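# return atomic coordinates for the entry below.
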Amino acid sequence: MSHKYAFILGRNPALSYAEIISFFKRENIITETSGVSDEVTILKVEEEIDGKKTISELGGTIKIAKINSILELEDSDEQLFNLFSEENLFSHFFEKRKGKVHFGVSLYFLDPQSDFKPRYKKLLENINSIIKNNLRDAGQSAGFVRIKERSLSSVSVVKNELLKKGAEIILVFSKEKLFVGKTLAVQEFADYSNRDYGRPKRDSRSGMLPPKLAKIMLNLSRLDKNSIILDPFCGSGTIVTEAMLLGYQNIYGSDVSQKAVDSTSQNIDWLKNRYHGEIISPSLKIFQSEVSHISKYIDSHSLDSIITEPYLGPSFTRLPSDFEIKQVTKDLASLYKRSFEEFAKILKDKATVIIVFPVFKSYQGYIWIDIFNDLKSLGFHQTKLLSDDIAQKFPFYYSKRNTFIYGRGDEFIKREVVSLVFSP
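The predicted model follows:
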């Protein structure tokens, strides 16, 4: 029996969607996409999933909700009212309890909001009252969370204890259908913040990769947990520590800076203490090495994957000139090419590389690291993680180079997430 779930997507929805699909493929769970937009995807999943466990393994998903009802938008208002009848409220959304239950309603779109059927707008304005009144008539005291926007943040869901003392009801509209569901889990925002800002070593010069993005990159590799992975620019160890939390058992990390290596080791110890009992002790090898000498420390053709964010160039406090950008990209292309020459010595055939390149914003548009032809000559080939029909839904997040662009709109240096396979 298949089940339908709504996944609320994160900052880069294209990257979030690709991660979800990669995660289920790694787990050998069959899925089918019923719809996707820049805020939500509906998936048909061939087996029931544990929402809390699943979201803990995903870096780019904000919420997971289980869909329990689907209405055609041509259906009458009466059928929509019946979704929130006393019987359905207690069978699909709430458990009777002493005291007050708390709830909130969030609305998402699988199509542009302009296509939203006008006759439902007024109904949505009153839907909190409908649910509250039906609960009251059933003898259940209830209160709803008032919001300015059309959806609750994960912070609001947690702070109002909706998952413990009530429910968040998710409404997802497409052009033809309304999907109604209950939130199972939300992203562990406080935990991510602590792993980012609360760890003992965090140095902008040794790496500021967000833990969420590190986890996404690991999932994009689709590696099983016994694979051997390396981060050769480990910085303060974000990819290494996120790999530990995900349960990877063979992890290497290296950096040209001994300070970075020491920072990684301290952050590993901190993580082990903080998550004592939650981490299955992996085989770890953390060492200092220039990337061009790394094959001295790792057996030939022994790695299943390299997952890394290398040096992205100097920090600019202003928008750099095109001349400055072109000089930086030239220097970085040389560094990256030398790195990939070394990677070719230590990767297995069919090994994956998930890597970040910088993208520079200029007055003429984006300036990229032009290196793909050089990489191809070394045996590294790009892999497309999104089909063409899905990719076209994300013009601002997925580039014509078949790569993901990660960053805020006001940043003049963004991250380009690239997926490659080594096949010499």
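# mind checking how far residue 138 is from residue 132?
Separation of residue 138 from residue 132 (C-beta to C-beta, to the nearest Å): 11 Å. In this view, the C-beta of every residue, glycine as well, is placed from N, C-alpha and C.
# contact partners of stretch 374-383?
With contact meaning C-beta atoms under 8 Å, 6 or more residues apart in numbering, stretch 374-383 is reached by 333, 337, 340-341, 343-344, 352-353, 372, 402, 418-424.
# these in helices, which ones?
Counting by DSSP state H, these place 333, 337, 340, 341, 343, 344, 372 in helices.
# narrow those to just the buried residues.
Buried subset of the ones in helices among the contacts of stretch 374-383 (neighbour count, 16 or more other C-beta atoms under 10 Å): 333, 340, 343, 344, 372.
# pull the most distant pair out of the ones in helices among the contacts of stretch 374-383.
Within the ones in helices among the contacts of stretch 374-383, 333 and 344 form the most distant pair, 16.6 Å apart (C-beta to C-beta).
# what are the ranges of the strands in the stretch 301-424 of the chain?
303-308, 347-362, 365-367, 380-382, 404-406, 413-422 (DSSP state E, counting those that start in this stretch).
# nearest to residue 10, of the ones you listed?
strand 404-406 (10.1 Å).
# and that closest one, how far out from the chain middle?
Counting by C-alpha atoms, centre = their mean, to the nearest Å, strand 404-406 is centred 12 Å from the centre of its parent chain.
# show me what that strand is packed up against.
Helices and strands touching strand 404-406, by 3 or more C-beta pairs under 8 Å, 6 or more residues apart in numbering; DSSP states H and E, are helix 13-26, strand 413-422.
# neighbour count: residue 138 and residue 132, which is higher?
Taking residue 138 and residue 132 together and counting by other C-beta atoms under 10 Å, residue 132 has the greater number of neighbours (18 against 15).
# and the more buried one, what's its pLDDT?
With respect to pLDDT, residue 132 scores 89.
# quick check, it in a strand?
No. Counting by DSSP: H, G, I helix; E, B strand; the rest coil, residue 132 is not part of a strand but helix.
# helices of the stretch 151-300 of the chain, start to end?
154-159, 162-165, 189-197, 211-220, 238-246, 258-274 (DSSP state H, counting those that start in this stretch).
# packing partners for the shortest one?
The helices and strands touching helix 162-165, judged by 3+ C-beta pairs under 8 Å, 6+ apart, are strand 101-109, strand 177-186.
# what strands line up against the longest one, and which way round?
Just to be clear, that refers to strand 177-186. Counting by DSSP bridges, the strands paired with strand 177-186 are strand 61-72 (antiparallel), strand 166-173 (antiparallel).
# which outside residues touch the last one?
So the one you mean is strand 166-173. Outside strand 166-173, the residues touching it (C-beta under 8 Å, 6+ apart) are 6, 8, 35, 40, 42, 63, 65, 67, 73, 93-94, 101-111, 116-117, 120, 124, 127, 131, 142, 152, 157, 162, 178-183.
# now the buried members of those residues.
6, 8, 35, 40, 42, 63, 65, 67, 93-94, 101-110, 116, 120, 127, 131, 142, 152, 157, 162, 178-183.
# about what we covered before: looking at the helices of the stretch 151-300 of the chain, which is nearest to residue 326?
Among these, the nearest to residue 326 by C-beta to C-beta is helix 211-220 (26.4 Å).
# what about the closest one, average pLDDT?
Per-residue pLDDT values over helix 211-220 give a mean of 97.
# same question, stretch 268-280
Stretch 268-280 shows an average pLDDT of 88 in the prediction.
# from here on, count from 176
Noted, 176 is the first residue going forward, which turns the last one into stretch 443-455.
# now that stretch: buried residues?
443, 445, 446, 454.
# for stretch 589-599, same thing?
Per 16+ other C-beta under 10 Å, stretch 589-599 contains these buried residues: 589, 590, 591, 592, 593, 594, 595, 596, 597.
# residue contacts, the fourth one?
Applying C-beta under 8 Å, 6+ apart, one finds that residue 592 lies in contact with 190, 388, 391, 392, 395, 529, 530, 531, 578, 579, 580, 581.
# same thing but at 10 Å, please
187, 189-190, 193, 388, 391-392, 395, 484, 529-532, 560, 573-574, 578-581 (C-beta atoms under 10 Å, 6 or more residues apart in numbering).
# selection in PyMOL covering whichever of those residues are buried, please.
A single PyMOL command selects the buried members of the contacts of residue 592 (16+ other C-beta under 10 Å):
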select buried, resi 187+189+190+193+388+391+392+395+484+529+530+531+532+560+573+574+578+579+580+581
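# related to what we said a few turns ago, could I get the helices and strands packed on strand 579-581 as a markdown table with mean pLDDT and distance to residue 543?
Shown next, in a markdown table, are the helices and strands packed on strand 579-581 (pLDDT from 0 to 100; distance: least, C-beta to C-beta, whole Å):
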| stretch | mean pLDDT | distance to residue 543 |
| --- | --- | --- |
| helix 188-201 | 97 | 17 |
| strand 588-597 | 96 | 7 |
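# the ones you listed: which one's closest to residue 370?
The nearest among the helices and strands packed on strand 579-581, by C-beta to C-beta, is helix 188-201 at 17.6 Å.
# tabulate the CA atom coordinates of that closest one in CSV.
Extracted C-alpha coordinates of helix 188-201, given in CSV (Å, rounded to 0.1, in the frame of the first residue of the first chain):
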residue,chain,number,x,y,z
PRO,A,188,14.0,24.0,-3.2
ALA,A,189,15.8,22.4,-6.2
LEU,A,190,18.5,21.1,-3.9
SER,A,191,16.0,20.0,-1.3
TYR,A,192,14.0,18.1,-3.8
ALA,A,193,17.1,16.4,-5.3
GLU,A,194,18.2,15.4,-1.7
ILE,A,195,14.8,13.8,-1.0
ILE,A,196,14.9,11.8,-4.2
SER,A,197,18.5,10.8,-3.6
PHE,A,198,17.7,9.8,0.0
PHE,A,199,14.9,7.4,-1.0
LYS,A,200,17.0,5.9,-3.8
ARG,A,201,19.8,5.2,-1.3
